[in-house]
Each structure stands twice: as structure tokens, then as C-alpha cells.
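J.: I need the structure of the sequence given here:
(2 chains)
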Amino acid sequence: MTREKSFDVMIVGIGGQGTILASNILGSACLLERKPVKGAETHGMAQRGGSVESHIRIGGVFGPLIPPGTADLLIGFDLLVALRYAHYLKPEGIMVVNRQLVVPTSVHMAGTPPPTIEQVAGALAGHRLCLIDAEALAARAGSPLTQNVVMMGAASHFIPLGFESLQSAMERQVPAKTVDVNHRAFELGRAAGKDCESRISTR
Amino acid sequence: MEPQYLLGNEAIAHGCLEAPIDLACGYPGTPSSEVIDILRVCPERGYYVEWSVNEKVALENALAAAWCGVRALCTMKHVGLNVAADPLMTSAYTGVTGGLVIMSADDPFAHSSQNEQDSRCYAQFSRILCLDPSSIQEAHDMIRDAFGLSEEFGLPVLFRPTTRICHSKGDVTLGEAVRSERRGEFHRDPKQYVVIPAHTRVLHRKLNEKQPEIKKRLVELGYNHYQVRGDTAVITGGIAAEYVREVIPEDVSFMKIGAYPIDEEWLSGFVRLHKRVVVVEELAPVIEGAVREVSGTVEVHGKKDGHSPFEGEFSPGLVAGILTSAGITPVVRYPEVAPVPDVPARPPILCAGCPHRSVFYAIRKIFKDGVYPSDIGCYTLGLQMGAVDTTICMGASITVGSGMKHAGETRDVVATIGDSTFLHTGIQGLLNAVYNGADMTVVILDNRITAMTGHQPNPTTGVTATGEPTPPTSLEAICRACGVALVETVDPYNLVSLTTALKDAKARPGVKVIIARQACVISARRAGIRRGTYTVDEDACTGCGLCIQFGCPGLERTESGVGITDLCSGCAICTQICPSGAIRKEVKK
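T.: Numbers count the residues shown, from 1 in each chain, chains lettered A, B, ... in the order given. As a prediction, this is how the structure comes out:
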């Protein structure tokens, strides 16, 4: 029985933000490198605007679920959802999070003051954190729909898979006519993640 | 073939193509739906495929196909098997000639379900074979071979994946899809297919006589296997087997059950080689029951002595905990961590512009003191609007409503039910309510699609599963044929006509039906319908918050009052709610 530990990645966000496509990029990159991979994702009821989570175990040969407190990397498409799943990370784990926050409708309805970007980013400050302005980078790439690919580009520095494999997996996963714009998004994300890499690794 | 990264249900669907199948049918239900969704769009199909109106209908179709000698697949979620239980139980008596595989997907933790029932119990109850995969690859291989197994024993096979198989992903090696050359033909044999008492007594005995050889064969085929490694053993099955493999020490024996019924003699032989046996399985103690029956003086731990839970889904951490509690030290220790407290919840909610939201809003307004039985679908989320008082199972909104009225409930009863659910098992309740003189209002939330499970077409949609045009069924005609005197159809995006219809229904005795018809906002977006963008006039907005209380994610509080988010679909209900007329359509200059 192999016991080499898998590299465990949580991708979390809000239903509709493209977490499944992002996890498919990782899964398909694993196959390009002939690594086993297991993953689990949220479908059905939980997708209606709720928080969604994808577990991806690179090199995984057992079940698909990542135990809390053990994930190597957490990619968050929303600050608040990243905070909700922060306990999945191991203490030295890395967090790559979109510097954006969608306030849950229930908070608006309750009339309580909505949490701010600064507050939530502050609450995450204890982690090895890389904040990415995916909205602005996606806009620069040419489509607001590419934020998930921006995030994957940024996270690519912290994933034990070759950049070429990730890029080629991305090209296979996105709709054919959007390859160019996603290419730009991936590159812009990668450049933004580079800054984090130098900062985080010196800690 | 090279391995591919696939969703469990994709791998299962491909296994069916390799079998190959001749007919596939089912009723959508998470986590089973993608199997038919994939099969129905496969190019160059060599099989017939349909979305049936409910699981009983689906299973009877599939059973008949298998009687005709072809291979049939019938899919549903676990609770759908309750609906199909009637044909299931007797199909074990009549048996099949072509392979019949019933996929009943279980949902431990009830991620998207009303209960956590264990389909393996149905296999035990009906005495048919059950295959319980522990990985996507195994799920693929099992269903590919299940049709042949069904033919070998002339019995339906229950295939029981769980959420973490259906909706997990992994590297899978597929085989070649092939095209079936079979053609169904029914061979008359009343002793087999007409289950009058004289025939059925014989068929029941034959079913029982098949059992010993089935048990032997399942061991022979390798579905159930073990490795002896010490004097303590773990016996497991399903996805739990993967979690066990992740944490089990090298010197503890391992047995995996992938198929039922279990050969007791074989099981007993393994159990008695050990001093202590720990059983690890999700939901019902099916394996544990079998182990306890043959254990003699061997110490057995599991659910029945409190080491393992009867409910919920397992995980590596939970399984490590079970082993520790039963005296085995797992090879991996997991840290004890807790989520950050007080993070605002983000539950699923109705989409921005969902036509159900205005219906619930209007019901709460017109029937302030009403009682609101509801049903299974996206609209169960009306709970958050205080407009859902009960849900129990498919079709039970109308029946619960009539039962309340007959019990003496004096408040107005307003039942809500979706189009697909109404056609699934709602019609009978309506017929019964009218026949027996109930006094209630039924609102059919008609969005022309089975939305919750991923937008499968149904008889109101106007297309079949494969996209062939078909006349959309008339809900109005069905309701009138049931004897409903007041049947009114309204557009839920028009708050005035919606509330007028509800007031009208409130004023009249008997069973009244309001059909609130508007395309699901997701289908409308996919069809290219754009309703324009809206804006808030900051000068006119008083900040009263009535629109915010409507609970639409298309609206948010801002520092200056209220704003429209980019989720807005332009349904314009909020413009009809705003007392100051501050929300307006943006005019393009």
C-alpha cells in the first residue's frame, strides 16, 4: 500500500464562480504528468448561491476527501468563503485568495453591518496568504469570467505540477473560443502570484 | 486507453456504454442525475433513453425491456427507490432475461436529500444482488459487468454508489463503447410474468433457492476479498473502504465487501481467524449484522456497541476515530481543528429573479395566517421566506394539505409544488383532495423544467430527454380533469395578477389551483432572454428596506441605501415592491 502523502488542494468559492472548472484544470494536469488524482465537489442543492468546495488530492490514491487541518493549499474565490474553510489548511499551508467579498444576502436582510474586505483579510493574516485582485486582472485579460483562471495562474507557483502541464490543462478545459482570453488571464494571474511567492517563501 | 479525469457519474455512464445497454431511463435526483444526462446526449446512440415521470414508471419500463431480453438501466436517487419499491419487490420474483441494473444513489449526510436511507437494505429485503463501489474506477467496472451478472442469475442488480462516488472525480481507465445488436422481444410465459398467487408462491421459492449460488459467485468474482495480516481485522465496504485504507496499520487484517448477499460461510472463516473485528461502514449496519451472526466468540465492534455512528457520512478523520475507539491505532493522526467562529452563513438561496420568490412573497402577503405545506425542489428554499411549513417526500404537499384540513385545521392551507413534482406524484393527491372535498389552495410553481437537479426536461417542457419535440402537457387540463373548479394561470413576474388570483382563491371554497408560470431564470438566461438592467434612484430611495427583505441576491445594502448587484436578471419584481418607485429600468441613451 502506497503511503506517500498526496498534495491536497481545497478550492472554495460561491456556486457559479467556476470552482469546478478550476479543479478540472488540476485534475487534467495530473493526468498529463501521469500522477494519480482524486477529487470531490459540490453539486445540487448547495450550488444555489451557497458556498461550494472542491477537494483535489494530487497523487491521491485513497478517498477524495481532505481531512480538516491537513490541506497543503487553499484557493479561495471569495474572502469570506476562504475564512469559512481556513481550518482545512495545515498550519504551514498556503492560501491564495481573491481579494473580493460577496456579502451573503442573509446579512443584508438581517441588517447587521456587512464584513469588509479589510476585516476579513485581517482575519486571514495569520496564514501564509497571497491576496490576488482577480477582478481587475480578469478585466485586464478581457473578460470578467476569467477570474477563476486568474486564480489558478496565481496559485500555479504553489502547486507541485509543471507550469506547462497546468497551462495545457487550462487550454483543454476552457471553451475553445475563450482560450486566448484565458491564456492572458492565466499569465496575469501567474505574474501576480510571483510576487507572493517571493514574499511567502521568505517567512 | 489512457486514464481520464472524470466525474464518478461520467465513468458510470461510460461503463453502461461498454456493457452495452439497450435502454436507459430514470427520474432525476441528486446525486444520480448526470448518468442519464450524459447518456441522453451521446452521439450515435445505439439505445433508447428517456426521462420518465417518476421512478416507479421508470423501473416498470426498464423491467419490461429486460423481460424482452435487452439490457436496461434504471437510475434514481435513494428516495426514488421508495417510489419504485412496488415493482422492485416483485421483479425479484419474475426475474429478467436481459440484464436489469437499478442504480440507486445514496446520499450519506443528506447533502441534497430528505433522508439518509441505505439502499443496501432494499437489496436485502428484495433478495436481489447489490454492488457497492468504493471508488470511481470500481464503480465503472462494476456497472459494466453488472448487466452480465443480472443475466447470469436472471435477477435485477441493485447498483448503489454514494454521493462521494457519483460526485467525486478521479483518474479512470475506460474501455471501448460498443453498440448493442439486441432487439427486444417478449416471450409469453404467464407462470413467470403473471404473479397470481399460484405462480408467485413458486417464484418466491425459486428466488430463495438462487441465494446460495449467488453468494459463492460474488466471492469467486473477487468483489468481496480480504488480506489476513494479524489477529485484529477491519471489515468495510463502499467509500468507507477507501478511508480505512488511508489509516489502517500494516498488521491489521482487511476485508472489503463490494457485493451482497455476503457468503456467511466465507465470512465466518475470515472472522474466526481473528480475536477482534471492527466493522466500518456508512449508514445501516448491513455488514455488521452479517458479521455478528457468524462471529461466535470473536469480539465485534461497530455501530451496535457505539464505536461507529449510524448516521452521516464518513471521512478519513472519522474512520481514524472509530479505529481508535475500538482499540486500533491508525497510522495517520489528524489534528483537531475547528472552523473560525461567527463567519456569516452562506446557505443556498433562490436565484436572483427566480419566479418562485415572488410567489412565496405573495402567498405570505395574501394568506398571512396560512399553513404552507410544500414539496421537493428548488422551492423548498422558500423555507427562508417563511413560506414552507412541511416537506416530507415527492408529491406530499397537496396530500399533507388535505390531511391537515380533514384533521380540523381552520387556517387557510396553501400548498406549493413544482411542475415536475406535480407530474411525478402530485396529481394523485390533487385528485384525492377534490374527490374527498378538501378546502385548500394549490400553487403549481411551473417553470417548465426540472431545475434543482440540473434542468432536465419533463412533460411540460416540450422536448424529450433527447431533444425531440413533444406536445407540452397541459397542467390546466390535468387539474380540471381532476375536478378542480378554479384553475387560474398567472405570470409570477406580475405581482398584481398574482395577488389577485390568490385573493380570488382565498375567497372560494373547495380545491383551487393557481398555476404560476414563468421559465426558470437559469433556462431563460441560457435561451438568451435579457430583460434589461435596473438601477436605484438614490434621491427617491427612502432606505425603507422593503426590497432588501424580499431577499433577492440581485439587491444589496450600500452606504447610500440600496444597490442592484450584477446578479440581477431583470425580473422587475422589486420595482413593484418599492413603495417610492425608486427602482427603475435603465434607459439606454
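
J.: return the set of buried residues in the longest strand anywhere in chain A.
T.: Determined from DSSP state E, the single longest strand within chain A is strand A:89-98. Within strand A:89-98, the residues scored as buried using 16 or more other C-beta atoms under 10 Å in any protein chain shown are A:89-90, A:93-98. Glycine gets a C-beta too; all of them are placed from N, C-alpha and C.

J.: and which of those residues is nearest to chain B?
T.: Chain B has its nearest neighbour among the buried residues of strand A:89-98 in A:Lys90, at 7.6 Å by C-beta to the nearest C-beta.

J.: and the closest residue in space to that closest one that isn't next to it in sequence, backbone torsions?
T.: Nearest-residue entry for A:Lys90: A:Thr70, 5.3 Å, with adjacent residues in sequence omitted and distances by C-beta to C-beta, 6 or more residues apart in numbering or on different chains. Note on A:Thr70: its backbone torsions stand at phi -130, psi 0 [degrees, to the nearest 10].

J.: what do you get for B:Lys191?
T.: Per degrees, to the nearest 10, the backbone of B:Lys191 is at phi -60, psi -20.

J.: also B:Leu100?
T.: When read as degrees, to the nearest 10, the backbone of B:Leu100 gives phi -120, psi 120.

J.: neighbours of it, how many?
T.: A count of neighbours around B:Leu100, defined by other C-beta atoms under 10 Å in any protein chain shown, yields 31.

J.: in contact with the residue of the stretch 151-300 of chain B found nearest chain A, which residues?
T.: In the stretch 151-300 of chain B, the residue that lies nearest chain A is B:Glu242 (3.5 Å; C-beta to the nearest C-beta). With contacts defined as C-beta atoms under 8 Å, 6 or more residues apart in numbering or on different chains, the neighbours of B:Glu242 are A:62-63, B:134-135.

J.: just the pLDDT for it.
T.: At B:Glu242, the model reports a pLDDT of 98.

J.: which is the next helix or strand following the helix or strand hosting it?
T.: Element membership for B:Glu242, per DSSP states H and E: helix B:240-247. Heading C-terminal from helix B:240-247, the first helix or strand you meet, by DSSP H and E, is strand B:253-257.

J.: which strands and helices sit next to the helix or strand just after that following strand?
T.: Using DSSP H and E, the helix or strand that follows strand B:253-257 towards the C-terminus is strand B:259-260. If you count contacts as 3 or more C-beta pairs under 8 Å, 6 or more residues apart in numbering or on different chains; DSSP states H and E, strand B:259-260 packs onto helix B:120-126, strand B:129-131.

J.: contacting residues for A:Met10?
T.: Applying C-beta under 8 Å, 6+ apart, we find A:Met10 in contact with A:53-56, A:66, A:71, A:73-75, A:85, A:88-89.

J.: cool, B:Tyr223 as well?
T.: Residues counted as contacts of B:Tyr223 (C-beta under 8 Å, 6+ apart) are B:131, B:142, B:257-259.

J.: where does the closest residue in space to B:Cys571 that isn't next to it in sequence land on pLDDT?
T.: Distances taken as C-beta to C-beta, 6+ apart place B:Gly353 nearest to B:Cys571, at 3.9 Å, with adjacent residues excluded. Confidence at B:Gly353, expressed as pLDDT, is 96.

J.: so A:Cys130 sits in a strand?
T.: Yes. According to DSSP: H, G, I helix; E, B strand; the rest coil, A:Cys130 belongs to a strand.

J.: ok, it touching A:Gly93?
T.: No. The pair A:Cys130 / A:Gly93 is not scored as a contact, 11.7 Å apart, by C-beta atoms under 8 Å.

J.: next, see if stretch B:456-473 gets close to chain A.
T.: No. Judged by C-beta under 8 Å from any C-beta of the partner chain, stretch B:456-473 and chain A are separated, with a smallest distance of 12.6 Å.

J.: mind giving me the packing neighbours of the top helix by length along chain B?
T.: The residue-count maximum for a helix in chain B (DSSP state H) belongs to helix B:197-220. Secondary-structure packing of helix B:197-220 (3+ C-beta pairs under 8 Å, 6+ apart): helix B:85-94, helix B:136-153, helix B:190-193, helix B:264-271.

J.: list the buried residues in the third one.
T.: Buried residues in helix B:190-193, counting neighbours by 16+ other C-beta under 10 Å, are found at B:192-193.

J.: for the record, mean pLDDT for that helix?
T.: Here helix B:190-193 scores 98 as its mean pLDDT.
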